[in-house]
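Chemist: I'll drop the sequence and a predicted model, then ask my questions.
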Amino acid sequence: MRAAAPGALDALLDRRTEANHAFFADHAERLARLCHRMAERFARGGRLVALGATPAARSDARHVAVEFVHPVIVGKRALPAIGLAAEGGDLPGQLALTARPDDIVIGFGVGDDGGETARALADARDRGCLTIAFAPAGAEWEFEPPSADPQIRQELVETLYHVLWELVHVFFEHRGLLEGRDRRPTHGAGASSFLYPFLAEQEDDLERVVDDVRRSVLMKADEVADLRRQTLTENRDVLVAAAADLRERFHRGGRMLAFGNGGSATDAMDVVADFRNPPGAATRWPAIDLTEDPAILTAIANDIGAEAMFSRQVIAHGYADDMLLAISTSGGSANVIQALAEARRRGMGTIALVGYDGGRVAGEGLADHVVISRSEHIPRIQEAQASAYHALRNLVDDPPAAR
């Protein structure tokens, strides 16, 4: 199996590398200008409203909302955002009750939901909202990934909305470039200089700032390409072994339980959607999203503590034939550690996708299969982890030994 795996994963990686380069080379300048327009909307009191009707699109709507509301870059402001998904009813109806003219509306899963998201985007544009989509939908800003593979498309879109979140802040540092805001003549980059050295530019030179942001978009695209390569090559044998273990457990009647915190929670939503509701003719496998029920999560967090949010659910749902998939950028969150420990006590298999140097999960061998994305930049880690769990999904259905 290991001898055959390089061809499978190398082909998967090559397709992603090519699509990533083409997508961001084509759209870097437009993304820079969109960041400027979004900053103007936020400065006027607008919000980001994310739409997702399908299970996979819901995960992206939740992901982009949590990134804007809860920034992980120290010192960056939180920006108002909300995700609207199918559990709240039809999207056009929800949007009619939610959106205001200065809002930014971003739609995921256009073309996969019977036109529901496209209709909501059209209504949003009629209301005066700035609209964004990733397939033809009549949105003001459309960015269509150059791939028919839904997994690659999702990964490119995730990088794109992370880039929007990271770089919209540049224009807040240049208040004079925002309509309706007072101009300051110049300023220094301060603590942000190591990330964005161009923050000290003159505030009346929009084109220069846009060009610097454009170059930053390309830099971030290159960074995730490099991290994706590290993740899928350095962890090649781990991914193959994890897929074989998971596939065997499925055939014995087991299930996959997935979880994470924050953006990683939305990645758990995505991987569960990929297993339960795959596109095309792919096999459907039983999977449970331990982040799915806010009543359960808040009850446990309130009455027992956040550290038990997932371990309590492992106790409720976990059996020896099951597999627990933990997604964590740090590899050290207390509720992740507790859930993995509980899974082992119950004889379950465990997979962990982690960032940085692997944290406690890797250092203490707390999971059977540990996939490390070696970066300290959380958005890039999450993007590379998406490639890892998509690879895992593919290897479960199409093991290298069968090629």
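Modeler: Cool, the structure landed.
Chemist: surely Gln228 is within a helix?
Modeler: One thing to correct before we go on: residue 228 is Arg, not Gln. Yes. According to DSSP: H, G, I helix; E, B strand; the rest coil, Arg228 belongs to a helix.
Chemist: who's in contact with it?
Modeler: Contacts of Arg228 were listed using CB atoms under 8 Å, 6 or more residues apart in numbering, and they are Leu13, Arg16, Thr17, Asn20, Glu383, Ala384, Ser387. No exception for glycine: its C-beta is placed from N, CA and C like everyone else's.
Chemist: one more: Val224?
Modeler: Neighbours of Val224 in contact, by CB under 8 Å, 6+ apart: Asn20, Thr159, Arg380, Glu383, Ala384.
Chemist: report the secondary structure state of it.
Modeler: Secondary structure for Val224, judged by three-state DSSP, is helix.
Chemist: from Glu364, how far off is it?
Modeler: Applying CB to CB, to the nearest Å, the value for Val224 to Glu364 is 28 Å.
Chemist: which one among the contacts of Val224 gets closest to Thr117?
Modeler: Nearest to Thr117 among the contacts of Val224 is Thr159, at 20.2 Å by CB to CB.
Chemist: what strand or helix carries the closest one?
Modeler: Element membership for Thr159 (DSSP states H and E) is helix 150-172.
Chemist: packing partners of that helix?
Modeler: With contacts taken as 3 or more CB pairs under 8 Å, 6 or more residues apart in numbering; DSSP states H and E, helix 150-172 sits against helix 5-43, helix 55-69, helix 206-234, helix 378-397.
Chemist: and the longest one with helix 150-172, angle?
Modeler: Our comparison of helix 5-43 with helix 150-172, counting by axes from the mean of the first three to the mean of the last three CA atoms, to 10 degrees, yields an angle of 40 degrees.
Chemist: after helix 5-43, next one along is what?
Modeler: Downstream of helix 5-43, the next assigned helix or strand under DSSP H and E is strand 48-52.
Chemist: isn't Arg16 up against Ala384?
Modeler: No. Using CB atoms under 8 Å, Arg16 makes no contact with Ala384, being 10.1 Å away.
Chemist: give me the most central residue, the chain.
Modeler: Glu158 (4.9 Å; CA atoms, centre = their mean).
Chemist: isn't that residue up against His63?
Modeler: Yes. Between Glu158 and His63 there is a contact under CB under 8 Å: 6.9 Å.
Chemist: which residues in the stretch 301-403 of the chain form strands?
Modeler: 323-328, 349-354, 369-372 (DSSP state E, counting those that start in this stretch).
Chemist: now the ones you listed in JSON lines, with mean pLDDT, mean neighbour count and distance to Glu292?
Modeler: JSON lines is the format used below for the strands of the stretch 301-403 of the chain (pLDDT from 0 to 100; neighbours: other CB atoms under 10 Å; distance: least, CB to CB, whole Å):
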{"stretch": "strand 323-328", "mean pLDDT": "98", "mean neighbour count": "28", "distance to Glu292": "14"}
{"stretch": "strand 349-354", "mean pLDDT": "98", "mean neighbour count": "27", "distance to Glu292": "18"}
{"stretch": "strand 369-372", "mean pLDDT": "98", "mean neighbour count": "24", "distance to Glu292": "23"}
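Chemist: how about these in CSV, adding distance to Met269?
Modeler: What follows is the strands of the stretch 301-403 of the chain, written out as CSV (distance: least, CB to CB, whole Å):
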stretch, distance to Met269
strand 323-328, 10
strand 349-354, 14
strand 369-372, 19
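Chemist: low-confidence ranges, the stretch 101-250 of the chain, go.
Modeler: For the stretch 101-250 of the chain, the stretches with pLDDT under 70 are 175-176, 179-204.
Chemist: run the last query once more with 80
Modeler: Scanning the stretch 101-250 of the chain for pLDDT under 80 picks out 174-204.
Chemist: circling back: any quick PyMOL command for the buried ones out of the contacts of Arg228?
Modeler: The buried subset of these, as determined by 16 or more other CB atoms under 10 Å, is captured in PyMOL by this line:
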select buried, resi 13+16+20+383+384+387
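Chemist: can you tell me which of the contacts of Arg228 is nearest Gly138?
Modeler: Using CB to CB, these come closest to Gly138 at Asn20, 26.3 Å.
Chemist: contacting residues for the closest residue to that closest one other than its chain neighbours?
Modeler: Once flanking residues are discounted, Asn20 sits nearest to Ala225: 5.2 Å by CB to CB, 6 or more residues apart in numbering. By CB under 8 Å, 6+ apart, the contact list for Ala225 reads Arg16, Thr17, Asn20, His21.
Chemist: out of those residues, who's nearest His169?
Modeler: His169 has its nearest neighbour among the contacts of Ala225 in Asn20, at 22.9 Å by CB to CB.
Chemist: now the closest one: how far from Asp211?
Modeler: When Asn20 is compared with Asp211 (using CB to CB), they lie 21 Å apart.
Chemist: and of the strands of the stretch 301-403 of the chain, who's closest to Met219?
Modeler: strand 369-372 (22.7 Å).
Chemist: contacts for the closest one, please.
Modeler: Strand 369-372 is touched from outside by 231, 234-235, 238-239, 241-242, 245, 331, 349-355, 357-358, 361-362, 385, 388, with contacts defined as CB under 8 Å, 6+ apart.
Chemist: and if you look at stretch 134-148?
Modeler: With CB under 8 Å, 6+ apart, stretch 134-148 has contacts from 15, 19, 22-23, 26-27, 30-31, 34, 107-108, 110-111, 117-118, 121-122, 125, 130-133, 152-153, 156-157, 160.
Chemist: same check on stretch 12-29?
Modeler: With CB under 8 Å, 6+ apart, stretch 12-29 has contacts from 31, 143, 145-147, 149, 152, 155-156, 159-160, 210, 214-215, 217-218, 221, 224-225, 228-229, 232-233, 387, 390-391, 394.
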